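>>> Sequence isn't available, so here's the structure alone:
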DNA sequence: CATGAATGAGGCTTCATTCAT
DNA sequence: CATGAATGAAGCCTCATTCAT
């Protein structure tokens, strides 16, 4: 991926996440990236495909980093903490990507599950699910079988982050992260941990 | 609200929730409602305002019904169960409204918190928050103070419902509802209930 | 067909025939017709379809008038004279239509023979062919069987008219018509008439 | 003319004649010729001029060959047969060139008669005209004086060839050629030959 | 109240042409 | 000579909105 393409992606991510996909024109993206409109079409066949490119690119980064962090551990509880912690961390550090990846196109991602655009996102979800299952098998977690429990967890923390980020407040990102994780620990994790 | 206006709202809700706000044209709405385009403008000044109308209308129904159900009880735990149960129930019975109210415009609702359009939604959230606080004060719940805990709960169940609804499966709405509530009960509620 | 649609057709015929299909923009057509661009799309789904509309409309007029003139006669020789005379006459009176119908899109018409757009043109050609065949059967004409003889005749007079019209000269339309018919009479017709 | 330039011409002729001038992009031509877009501009200042180059190039070949064939004879009747026979023969052997030279740009050629691009085509027509005139002067042909008789003849055979070529049929090129010439012989030539 | 033809700004996309390598 | 990434003007088309009936 060369510099021009990176500029396009960066510009599009910024605008899509703040102004929205439909209210961002290709010209806006070009201007913001300081290139010509036509140039975008050298890299992406359409606005739709540019959005797809953003998905692939962003989700690849997120997935890669989370997989890396998970390598070091094998305890499901620790793994669950890591996948949530890292997701929140990445989201707060790249709010643009967060908005697009975890907020805007939930619906779309599900509807197009077989589309390669969402491969990484789907792998991310599978990863989450497998952690939960392993935790249950290992007798560390206890919760009713449910296909979409991990999606619920994603909805939980992302909704909290979204409000925290959009509501004017004096909290720093670090505080937001810590408070959210603390809440997660003392509600969901507490609820599913097996008592010893 | 006369019949014509109801037809407009019904048509717009259907289309916005399935096709999306931007991909639905005013003409589509008019055709679907079997009226003329111009007629819509007798009731709503703009497409934007029509969307606002949908919010107000839908959220009023949801809020009214939930308030009614809550009147009969005062135990915070029971109240929490009711607000979630009813929300899920209404969502599954009116998927169109659910998509718009709980999925599509999360972002928008927060950004326009002072806009009267979102009065009902905001009141709904306040209601949820107050239940949680009361539960804590009454010593029934135990969890770290967090401004957006209830938003997290909304994100939790709505993400689960969304996936359940969009993923092709053989589950009935009743099953979806029961499984989701069961999961909620055995994770979050279990996690915050005080053992005595 | 209402006034607006007529204005659109008229404007498009003029511009397509003089400037050419590709060098005429939809905005040009709208300006020339003194309407808004969008209005064109109320009547024609695309520029392509507008061209199709012109074909249908123009060829319908030509075909109708020629059929009318042919009703009064049954002698193949006279019929052949009439179909050529009338075609030339109409062409000279409506050069725009002539350019489009008999010059510009010969290629296209053949390639899309089954497309309803060219129904009238194809019927016109069939009519011409049937006259030639009847003349031969009646022993009035004598020529080698050939599927495309009538097309050859069309090419003959239309090429002559085209040059006459485009070359700067002092000839009136009446003169052009008479000279062309005279030439046709004394070359092709003379060549195929049976001497008795 | 080097190899690169020939590749450009060949590619452009193919594409212009099949897809059309406007629907062929410079990139298409470059891709088809397996060169870079920029290279075309080393040989032709613009797309327009490339088209001009095609005219000049193709018509030069046609004209040269026909002149060569005509050298051997002086009888106007034979010469007329040769110019038509050779034109048809070349057309069928190079349908691409035929489409461009004899079908597509009739209109353009006339309008730009003074443009050097069309020198060869115009010389070709002059040649045809002079044959007809000489035949008349020699008492071999008899027909009314007409500036554009030869254009009519061109329209005659080219229209027949065009239909024959585009209509799906089982005729070989040889058959098409023979049938067309036979028809020409027994209609126009028969019509203008002086009986002795 | 209701209609739907008309409007025209603005968006997405193409493509002839340039120019630094 | 050759390349092909970059340019940006211009075209087709959509659609929210208006207004005369």
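Sure, I can see it. This one's a predicted model, so the numbers in the text were calculated from it and none came from an experiment.
>>> Residue numbers of chain A in contact with chain D?
Counting by C-beta under 8 Å from any C-beta of the partner chain, no position of chain A is adjacent to chain D. In this view, the C-beta of every residue, glycine as well, is placed from N, C-alpha and C.
>>> which residues of chain A score low on pLDDT?
Residues of chain A meeting the criterion pLDDT under 70: A:105-107, A:109-111, A:113, A:196.
>>> where do the helices sit along it?
A:3-18, A:26-33, A:37-43, A:47-71, A:76-93, A:95-98, A:106-111, A:119-137, A:149-166, A:173-184, A:190-192 (DSSP state H).
>>> quick one, which of those is packed in tightest?
helix A:149-166 (a mean of 24; mean count of other C-beta atoms under 10 Å in any protein chain shown).
>>> Let me see the domain layout of chain A.
A:1-44, A:56-192 (automatic domain parsing).
>>> Next, the distance between the ends of the last one.
What that stands for is domain A:56-192. End-to-end distance for domain A:56-192: 33 Å, by C-alpha to C-alpha, to the nearest Å.
>>> Equivalent analysis for stretch A:14-32, please.
Per C-alpha to C-alpha, stretch A:14-32 runs 9 Å from first to last residue.
>>> which residues sit against it?
Under the contact criterion C-beta atoms under 8 Å, 6 or more residues apart in numbering or on different chains, stretch A:14-32 has outside partners A:8, A:11-12, A:36-37, A:39-40, A:47, A:50-51, A:54, A:95-100, A:104, B:21-22.
>>> ok, now stretch A:112-121?
A:52, A:55, A:56, A:59, A:60, A:62, A:63, A:101, A:109, A:122, B:167.
>>> could you dump those residues to CSV with distance to residue B:89?
Shown next, in CSV, are those (distance: C-beta to C-beta, whole Å):
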residue, distance to residue B:89
A:52, 36
A:55, 33
A:56, 38
A:59, 34
A:60, 39
A:62, 34
A:63, 36
A:101, 30
A:109, 26
A:122, 29
B:167, 20
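>>> quick one: which of the residues you listed is nearest residue D:162?
Looking at those and their distance to residue D:162, the nearest is residue A:52, at 45.3 Å (C-beta to C-beta).
>>> quick one: that closest one and chain D, what's the gap?
As for residue A:52, its distance to chain D is 24 Å (criterion: C-beta to the nearest C-beta, to the nearest Å).
>>> Leaving out chain neighbours, which residue sits closest to that residue?
Leaving aside its chain neighbours, residue A:52 sits nearest to residue A:117 (4.2 Å; criterion: C-beta to C-beta, 6 or more residues apart in numbering or on different chains).
>>> what does residue A:76 give?
Nearest to residue A:76 is residue A:135, by C-beta to C-beta, 6+ apart, at 3.2 Å.
>>> Enumerate every residue touching the one you found.
A:76, A:77, A:79, A:80, A:141, A:192.
>>> Make sure the last one is actually in contact with residue A:139.
If I follow you right, that is residue A:192. No. Applying C-beta atoms under 8 Å as the test, residue A:192 and residue A:139 come out as separate, 11.9 Å apart.
>>> ok, the residue in chain A positioned nearest to chain D - contacts?
Of all residues in chain A, residue A:42 sits closest to chain D, at 11.4 Å by C-beta to the nearest C-beta. When contacts are counted by C-beta under 8 Å, 6+ apart, residue A:42 touches residue A:4.
>>> how about a cut-off of 10 Å?
Residue A:42 makes contact with A:4, A:5, A:8, A:35, A:36 under the criterion C-beta atoms under 10 Å, 6 or more residues apart in numbering or on different chains.
>>> The third one touches residue A:47, doesn't it?
No. With contact defined as C-beta atoms under 10 Å, residue A:8 and residue A:47 do not form a contacting pair (11.5 Å).
>>> Quick check: neighbours shared by those two?
A:29, A:40.
>>> about what we covered before: could you export the domains of chain A as TSV, including distance to residue C:160?
Formatted as TSV, the domains of chain A follow (distance: least, C-beta to C-beta, whole Å):
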stretch	distance to residue C:160
domain A:1-44	46
domain A:56-192	60
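>>> which bits of chain A sit near DNA strand E?
Residues of chain A found near DNA strand E (C-beta under 7 Å from any atom of the strand) are A:24, A:25, A:26, A:27, A:37, A:38, A:41, A:45, A:46, A:47, A:48.
>>> I'd like these as TSV, with distance to residue B:183 appended.
Conversion of these to TSV gives the following (distance: C-beta to C-beta, whole Å):
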residue	distance to residue B:183
A:24	37
A:25	43
A:26	43
A:27	46
A:37	48
A:38	51
A:41	46
A:45	42
A:46	40
A:47	38
A:48	35
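>>> Go ahead and confirm residue A:13 touches residue A:100.
Yes. With contact defined as C-beta under 10 Å, residue A:13 counts as touching residue A:100 (6.6 Å).
>>> and for these two, which residues touch both?
Joint contacts of residue A:13 and residue A:100 (C-beta under 10 Å, 6+ apart) are A:51, A:54, A:58, A:94.
>>> Chain neighbours aside, what residue packs nearest to the third one?
Just to be clear, that refers to residue A:58. residue A:97 (4.4 Å).
>>> Check whether the one you found really touches residue A:12, as I assumed.
No. Using C-beta under 10 Å, residue A:97 makes no contact with residue A:12, being 11.4 Å away.
>>> Can you pull the residues that touch both of those two?
A:54, A:57.
>>> And the closest residue to DNA strand F within chain A, how far from residue A:8?
Nearest residue of chain A to DNA strand F: residue A:38, at 1.5 Å (C-beta to the nearest atom of the strand). Noted for residue A:38: a distance of 12 Å to residue A:8, by C-beta to C-beta, to the nearest Å.
>>> Quick check: residues of chain A near DNA strand F?
Counting by C-beta under 7 Å from any atom of the strand, the residues of chain A near DNA strand F are A:2, A:3, A:4, A:35, A:36, A:37, A:38, A:39, A:41, A:42.
>>> OK, contacts around the fifth one?
Yep, that's residue A:36 we're talking about. A:27, A:30, A:42.
>>> Can you name the residues in contact with stretch A:60-73?
A:78-79, A:81-87, A:89-91, A:94, A:97-98, A:101-102, A:119-124, A:127-128, A:131.
>>> Mind doing that once more with 7 Å?
Contact with stretch A:60-73 is made by A:79, A:82, A:83, A:86, A:87, A:90, A:101, A:120, A:123, A:124, as judged by C-beta atoms under 7 Å, 6 or more residues apart in numbering or on different chains.
>>> sorry, back to before: closest to chain C among the contacts of residue A:42?
residue A:36 (22.0 Å).
>>> what two of the contacts of stretch A:60-73 are the furthest from one another?
Maximum distance among the contacts of stretch A:60-73 (C-beta to C-beta): 20.3 Å, for A:79 and A:101.
>>> quick one: stretch A:160-171 to chain centroid distance?
17 Å (C-alpha atoms, centre = their mean, to the nearest Å).
>>> Next, see if that stretch gets close to chain B.
Yes. Applying C-beta under 7 Å from any C-beta of the partner chain, one finds stretch A:160-171 touching chain B at A:160, A:162, A:163, A:164, A:166, A:167.
>>> now these as JSON lines including distance to residue C:177?
Formatted as JSON lines, the residues of stretch A:160-171 next to chain B follow (distance: C-beta to C-beta, whole Å):
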{"residue": "A:160", "distance to residue C:177": "85"}
{"residue": "A:162", "distance to residue C:177": "78"}
{"residue": "A:163", "distance to residue C:177": "82"}
{"residue": "A:164", "distance to residue C:177": "84"}
{"residue": "A:166", "distance to residue C:177": "78"}
{"residue": "A:167", "distance to residue C:177": "83"}
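>>> Setting aside sequence neighbours, what's the nearest residue to residue A:80?
residue A:131 (5.3 Å).
>>> Hmm, residue A:76 and the one you found touching each other?
Yes. Contact criterion C-beta atoms under 7 Å: residue A:131 and residue A:76 qualify, at 5.4 Å.
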